[in-house]
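Trainee: Sharing a model prediction with you, sequence too.
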Amino acid sequence: MSEQSLPEDTREGYADELPEYAERVLEVAERIPPGHVMTYGDVAEWLEEGGPRQVGRVMSLYGGSVPWWRVVRADGVLLPGHELGALDHYRAEGTPLKEASRAAEGHLPRLDMKRARWDGGTDAESHT
């Protein structure tokens, strides 16, 4: 997510202007249940198109209109520059975290990827 992200209440107004791939990425982000996450690569794999960088680019430009904190880095490190906002969401949703060691920079927890990662589940609709 960046300063170029669309405000939460404007996504529908820009739906016709979003590239098709961006719209598909945002739809996947909206499907991720509270308390779970998908990596950038997971989203690309689920869509069978693009890669982690393309998904990351979409999220940085348009992700402010969806639960952006649920699309994450594969190593579980919180999104730089948005750590505290994401952490508030994770704690409110009960997303599994690994507490940081005292040696960790900023003493921020990481996501517990083994427990938090969502694979698209049985409740996901057809994605092709």
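Mentor: Happy to help now that I have it.

Trainee: Verify the contact between residue 35 and residue 91 for me.
Mentor: No - counting by Cβ atoms under 8 Å, residue 35 does not reach residue 91; the two are 10.4 Å apart. C-betas here are computed from N, CA, C, even on glycine.

Trainee: So for the two, which sits in the more crowded spot?
Mentor: Neighbours of residue 35 and residue 91, each counted by other Cβ atoms under 10 Å, are more numerous for residue 35; the result is 15 against 11.

Trainee: quick one: that one is in a strand?
Mentor: No - counting by DSSP: H, G, I helix; E, B strand; the rest coil, residue 35 is not found in a strand; it is coil.

Trainee: and it, how far is that from residue 48?
Mentor: For residue 35, the distance to residue 48 equals 26 Å [Cβ to Cβ, to the nearest Å].

Trainee: so what pLDDT did the closest residue to residue 120 other than its chain neighbours get?
Mentor: Leaving out its chain neighbours, the residue that sits closest to residue 120 by Cβ to Cβ, 6 or more residues apart in numbering is residue 46, at 5.3 Å. If you check residue 46, the pLDDT there is 96.
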